[in-house]
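This is the structure alone, sequence omitted:
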Ligand code: HEM
């Protein structure tokens, strides 16, 4: 169980990916795997997945905290190429956090019909975060929940913060509360090799979290 501690810091400071507050929070190292070709939703993407081979990013570090109102997820990983959504000539680097709406949601299928998952996504060059709900691979739909994102380059690494209100808004958004438990997963897309949608690196297992009061 990873304990997500409360911090006394301004939202602006937490939304600085290189800010000093993050250096005081312990990092968990994540091992990322390639989404299996056999799990892709269509015959075209199954074949394409097989031809693509391994996803680019194999590890990342994750730090979490909350300020009583919002949860903040800090991710850092090595990426030599900066691929921005605004380049207009390819695919942006991206990262997302997955949380289950039902606690038994399978991470390796992006949830199921009965057990939905909520994902919060950052795309490089896009100042607006996105929130989607999924009930199995190939079913993602946007949800109106505002997600705040911030990113910075640190040498050949990305540092990204993804933040949302604990409570969320609407039935397709995961509701968190201090004192409560949840689980998180992470996915990372490497734009320079055309990763997008189902082609990405992901954590095969949930990390259980508890939001300390
Ligand atoms: C921690 C795990 C995961 C996270 C955080 C995650 C997150 C996301 C997000 C944010 C999107 C929508 C944005 C976009 O299309 O770029 C998406 C789409 C997609 N994901 Fe995942 N995902 C995860 C695991 C998986 C796995 C294991 C598969 C299996 C192949 C998968 C297959 C897909 C597919 C096919 C799409 C695009 C089609 C659609 O719109 O549903 N995902 N994912």
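Nice, I can see it. Predicted model, so just to flag it, every value in this text is computed and none were measured.

Tell me the backbone dihedrals of the residue sitting furthest away from the middle of the chain, please.
The centre of the chain is farthest from one residue, residue 43, which by CA atoms, centre = their mean lies 26.1 Å away. Note on residue 43: its backbone torsions stand at phi -70, psi -30 [degrees, to the nearest 10].

Now do it, the pLDDT please.
We have a pLDDT of 96 for residue 43.

Can you report how many residues neighbour the residue of the chain found nearest the ligand?
Nearest residue of the chain to the ligand: residue 198, at 2.7 Å (CB to the nearest ligand atom). The C-beta positions use only the backbone N, C-alpha and C, and glycine is treated the same way. Close neighbours of residue 198, defined as other CB atoms under 10 Å, add up to 22.

again with residue 132
20.

What score does the closest residue to it other than its chain neighbours have for pLDDT?
Distances taken as CB to CB, 6 or more residues apart in numbering place residue 140 nearest to residue 132, at 4.4 Å, with adjacent residues excluded. For residue 140, the pLDDT comes out at 98.

again, but for the one 5 residues further on
As predicted, residue 145 sits at a pLDDT of 91.

does it really touch residue 166, like I thought?
No: using CB atoms under 8 Å, residue 145 is not in contact with residue 166, being 11.6 Å away.

More neighbours: these two, which one.
Per other CB under 10 Å, whichever of residue 145 and residue 166 has more neighbours is residue 145, with 21 against 18.

ok, now which ones touch that one?
Residue 145 is in contact with 118, 131, 164-165, 168-170, 173, counting by CB atoms under 8 Å, 6 or more residues apart in numbering.

just the buried members of those?
118, 131, 164-165, 168, 173 (16 or more other CB atoms under 10 Å).

So which of these are in strands?
Judged by DSSP state E, the buried ones among the contacts of residue 145 include 118, 131, 164-165 as members of strands.

wait, isn't residue 25 in contact with residue 64?
Yes: under the criterion of CB under 8 Å, residue 25 makes contact with residue 64 at 7.5 Å.

So for those two, which residue has more residues nearby?
For residue 25 versus residue 64, neighbours defined as other CB under 10 Å are more numerous around residue 64 (22 against 16).

coming back round to it: mutual contacts of residue 25 and residue 64, please.
With CB under 8 Å, 6+ apart, residue 25 and residue 64 have common neighbours residue 74.

now residue 54: how far from residue 120?
Noted for residue 54: a distance of 25 Å to residue 120, by CB to CB, to the nearest Å.

whoops, residue 46 was the one
Counting by CB to CB - residue 46 and residue 120 are separated by 27 Å.

Give the residue from the two that has the larger number of neighbours.
The residue with more neighbours, out of residue 46 and residue 120, is residue 120; 28 against 15, by other CB under 10 Å.

What are the boundaries of the helices in this protein?
11-14, 20-23, 43-52 (DSSP state H).

For the first one, give me every contacting residue.
Defining contact as CB under 8 Å, 6+ apart, one finds that helix 11-14 is touched by 7, 19, 21-22, 65, 67, 70, 72, 161, 163.

Can you show me the strands along the chain?
2-6, 28-31, 33-34, 59-66, 70-78, 94-100, 117-123, 130-134, 141-142, 148-154, 157-165, 181-189, 201-202, 207-211.
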